[in-house]
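In: Need a 3D model of the sequence below.
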Amino acid sequence: MTTPGEFAEFLPAYLAEVDELLASAQRDLLAVEEAVRRGAAQPRAVRELFRALHTIKGLSAMVDVEPIVSVAHWMEASLRVADQSGGRLPESSVEPLVEGLRAIEQRVRQLGAGKPASPAPANLLERLEALGPQVLEVAPRAPRAVVLDAQAAFASKLAPSEREQLEGGLAGGQRAMRLDFVPSAERAAKGLNINTVRERVGKHGDIVKVLPLSGAAAGGASLAFALLLLTQAEDAVLLEAVGGAPATVRSLAVAAPPGAPADSLPPAPVPGVPAVPGALGVPGPEDELDEPEVRRGGGLLRVEVSRLDEAMEWLAALVVNRSRLTRAVAALTAAGAPTRELAAILQENGRQLRDLRSAILRLRMVRMGDVLERLPLLVRGLRRTTGKAVRLELDVGDAELDKAVADRLMPALVHLVRNAVDHALELPDERLSAGKPPEGLVRLGCHARSSGQLEITLRDDGRGVDAKAVAKAANAPVPDSVDGLLDLLCRPGLSTRQEATRTSGRGMGMDIVRRIVVEQLGGELRMETRKGAGTTFTLRVPLTVTLVDAIVFECAGLRYAVAVG
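Out: Purely as a prediction, here's the structure:
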């Protein structure tokens, strides 16, 4: 059992991160519970809940909080089954999952109060362990009546994770629909724009993707948007949400081929690491753990990022007003009015706004050295669990990154480091036989680029990626390029491990990395690998996602801003 003093240096960051993950998990579990009541599937909430618990388990293992590792491990195992079978859970699963989150939260509070985490309740672990077979009982087994239309125009624009989400929703009994929204001056006057439409439609289902349309694809309109969503709502309800005609709604599914097989259901996972024996003791009364939230902090003022976002929004409003004022002064000048003084004031105001913007952005920036401070602890834990000798080198200099980007990026870096140690590096004897030093090397470096991006490289001196083994696990031909190999590695659910362990084997790592770097942050992910010499991953992400350059233009009396870059 962990004592707070053992990892005191890392505990505040661990507690803050797990607090955020727990809040997200609780929201997702409430959404799942509501879907269970309606007898419906909730694939997105199930997947996000699974990922939150996967991360909580990994973080807790790093600081050796075995009771939380045990609870999260069994919750994750049952949710993985639900995730792979359409996002449907039985009613009997909700209460054990709620109790599991409560047990994790109670032990986080104990650690925050400077106390050791009490053992995980044995009866709770037994109930969580039994959830896998229960989830399989409610998973759809009948032949699929409909499947995703692979020939549709949108199909090539779907990311693998988006396609999987739509297919999972169909398997769970939801409707996969395309809803087209055409902006117009009349609709804008009624408060209907793409942002308000997304909000209205989101109340009736899960929006998977929004695609802008133009030309023939927009049905003759200058601009339109296609919303791809999973829903149980009727067509009339969806049309009302976007203001009615000329909006259209159509299905993304087609009838399944005759004799289509039943959905393949994964077997209930048998986690590679059983609940920790030391964590199976009988706990004290759970009610005694409901203590007030403890205050944590140091000599620094901790400001919520949302407050900085609010300041940036007010700054954006000032910039818009300055633009309006600039146009007004230009009109006065064209009319022959004396505007030299006004022009000078506007010029000075522009400099002040730029300085204010830079100041707010600097407040949002965090040092990469601080962001990566828990990676050495991760590697320390991996050395213990894998039996490998590993040295981690960090070369980050003075590089900084927007806090919002850093928060999203960190899980991707954790997965890459874990993969490097667990999959890429050899055991000491194997390295000696290959003429390598017994201690493996993982090196992470980063530097800012002139294009407003941060480039991060993660390099190991391990065995390299075995393309044949990856292709065999993916049941696909051996790729003829590094990019093709990276695409296989990033397939959801792909793992070269036969059995899941505490560090890998779930097939989520590289999928999560690509989803974060490419889809969420709009960055780049590249790989170089050489047999016997190691692998290098290169990530390029924007320094900030708070500001984007845009082209502003006017069409049919409406002003539009289109992001560029």
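
In: so residue 473 touches residue 495, yeah?
Out: Yes. With contact defined as Cβ atoms under 8 Å, residue 473 reaches residue 495; the gap is 6.7 Å. In short, each C-beta sits where N, CA and C put it, glycine included.

In: Give me the phi and psi for residue 434.
Out: Main-chain dihedrals, residue 434, degrees, to the nearest 10: phi -90, psi 0.

In: ok, which stretches of the stretch 401-550 of the chain are helices?
Out: Using DSSP state H, counting those that start in this stretch, the helices of the stretch 401-550 of the chain run over 403-419, 428-433, 467-474, 482-489, 509-514.

In: In CSV: those helices, plus mean neighbour count and distance to residue 329.
Out: As requested, the helices of the stretch 401-550 of the chain are exported to CSV (neighbours: other Cβ atoms under 10 Å; distance: least, Cβ to Cβ, whole Å):
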stretch, mean neighbour count, distance to residue 329
helix 403-419, 21, 35
helix 428-433, 14, 70
helix 467-474, 15, 62
helix 482-489, 17, 52
helix 509-514, 23, 48
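
In: closest to residue 444 out of the ones you listed?
Out: Taking Cβ to Cβ, helix 403-419 is the member of the helices of the stretch 401-550 of the chain nearest to residue 444, at 7.4 Å.

In: Between helix 482-489 and that closest one, find me the angle.
Out: Put simply, helix 403-419 runs at 90 degrees to helix 482-489, going by axes from the mean of the first three to the mean of the last three Cα atoms, to 10 degrees.

In: now helix 403-419: mean pLDDT?
Out: If you average the pLDDT over helix 403-419, you get 91.

In: contact partners of that helix?
Out: For helix 403-419, the external contacting residues (Cβ atoms under 8 Å, 6 or more residues apart in numbering) are 55, 58, 305, 364-366, 368, 371-372, 375, 378-379, 382, 392, 401, 442, 444, 454, 456, 458, 503-504, 508-510, 512-513, 516-517, 520-521, 537, 539, 541-546.

In: okay, now the domains of this structure?
Out: By the record's domain assignment, the chain is partitioned as 4-140, 146-255, 305-353, 372-542 (automatic domain parsing).

In: ok, and which of the ones you listed has the densest surroundings?
Out: domain 4-140 (a mean of 21; mean count of other Cβ atoms under 10 Å).

In: re the thing from before, can I get the helices of the stretch 401-550 of the chain in TSV with distance to residue 231?
Out: Listed next are the helices of the stretch 401-550 of the chain as TSV, based on distance: least, Cβ to Cβ, whole Å:
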stretch	distance to residue 231
helix 403-419	27
helix 428-433	52
helix 467-474	31
helix 482-489	30
helix 509-514	25
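
In: Relative to residue 120, which of the ones you listed is closest?
Out: Of the helices of the stretch 401-550 of the chain, the one closest to residue 120 (Cβ to Cβ) turns out to be helix 403-419, at 23.1 Å.

In: Which pLDDT does the model give residue 147?
Out: 64.

In: Same check on residue 241?
Out: 85.

In: How about the one 10 residues further on?
Out: According to the per-residue confidence, residue 251 scores 84 in pLDDT.

In: Just give the closest residue to it, not the sequence neighbours.
Out: residue 177 (6.0 Å; Cβ to Cβ, 6 or more residues apart in numbering).

In: where's residue 410 relative to residue 401, distance?
Out: Distance, residue 410 to residue 401, by Cβ to Cβ, to the nearest Å: 10 Å.

In: what residues are shared contacts of the two?
Out: Common contacts of residue 410 and residue 401 (Cβ under 8 Å, 6+ apart): residue 371.

In: Over to the residue of the chain most remote from its centre. Which of the three states is it?
Out: Relative to the centre of the chain, and counting by Cα atoms, centre = their mean, the farthest-placed residue is residue 336 at 55.9 Å. Following DSSP: H, G, I helix; E, B strand; the rest coil, the label given to residue 336 is coil.

In: Now do the contacts for it.
Out: The contact partners of residue 336, by Cβ under 8 Å, 6+ apart, come to none.

In: For it, report the pLDDT, please.
Out: 89.

In: From residue 324, how far out is it?
Out: Counting by Cβ to Cβ - residue 336 and residue 324 are separated by 21 Å.

In: Can you verify residue 254 is assigned to a strand?
Out: Yes. Assessed by three-state DSSP, residue 254 belongs to a strand.

In: who does it bridge with?
Out: residue 147 (DSSP bridges).

In: where does it land on pLDDT?
Out: So residue 254 comes in at 70 (pLDDT).

In: The stretch 151-300 of the chain: strands as residue ranges?
Out: 175-181, 205-213, 224-231, 248-251, 253-255 (DSSP state E, counting those that start in this stretch).

In: need the ones you listed in CSV with distance to residue 320, can you?
Out: CSV is the format used below for these (distance: least, Cβ to Cβ, whole Å):
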stretch, distance to residue 320
strand 175-181, 24
strand 205-213, 23
strand 224-231, 23
strand 248-251, 33
strand 253-255, 43
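
In: Least confident of those, on average?
Out: Taking the mean pLDDT of these, strand 253-255 comes last: a mean of 71.

In: wait, doesn't residue 157 sit right on residue 210?
Out: No. Using Cβ under 8 Å, residue 157 is not in contact with residue 210; the gap is 10.8 Å.

In: Centre-most residue in the protein?
Out: residue 516 (5.6 Å).

In: what's the spacing between it and residue 411?
Out: With Cβ to Cβ as the criterion, residue 516 and residue 411 are 6 Å apart.

In: just residue 425 next, same as before
Out: Counting by Cβ to Cβ, the gap from residue 425 to residue 411 is 21 Å.

In: who's in contact with residue 310?
Out: Counting by Cβ under 8 Å, 6+ apart, there are no residues that residue 310 touches.

In: Now the residue farthest from the centre of the chain: phi and psi?
Out: phi 90, psi 10.

In: Any stretches of the stretch 201-350 of the chain with poor pLDDT?
Out: 215-222, 246, 255-302 (pLDDT under 70).

In: change it to 90
Out: For the stretch 201-350 of the chain, the stretches with pLDDT under 90 are 201-324, 326-327, 330-331, 336, 339, 350.

In: Helices of that one, start to end?
Out: Using DSSP H, counting those that start in this stretch, helices in the stretch 201-350 of the chain cover 235-241, 305-334, 340-364.

In: now these in a markdown table, with distance to residue 223?
Out: Shown next, in a markdown table, are those (distance: least, Cβ to Cβ, whole Å):
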| stretch | distance to residue 223 |
| --- | --- |
| helix 235-241 | 19 |
| helix 305-334 | 21 |
| helix 340-364 | 29 |
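
In: now the stretch 51-200 of the chain, which segments are flagged as low pLDDT?
Out: In the stretch 51-200 of the chain (pLDDT under 90), the answer is 51-52, 54-55, 57-66, 70, 73-96, 98, 102, 111-117, 120-122, 124-200.

In: Surely residue 559 is in a helix?
Out: No. Assigned with three-state DSSP, residue 559 falls outside any helix and is strand.

In: coming back round to it: so which of the strands of the stretch 151-300 of the chain comes closest to residue 109?
Out: strand 205-213 (32.3 Å).

In: Direction included, what does that closest one pair against?
Out: strand 224-231 (antiparallel).

In: Check the spacing between the residue farthest from the centre of the chain and residue 66 real quick.
Out: The value you get for residue 336 to residue 66, if Cβ to Cβ is used, is 80 Å.

In: And for residue 561?
Out: Counting by Cβ to Cβ - residue 561 and residue 66 are separated by 51 Å.

In: same question, residue 307
Out: Residue 307 is 37 Å from residue 66, by Cβ to Cβ.

In: What of residue 458?
Out: The separation that residue 458 has from residue 66, given Cβ to Cβ, amounts to 28 Å.

In: same thing with residue 227?
Out: Distance from residue 227 to residue 66, by Cβ to Cβ: 45 Å.
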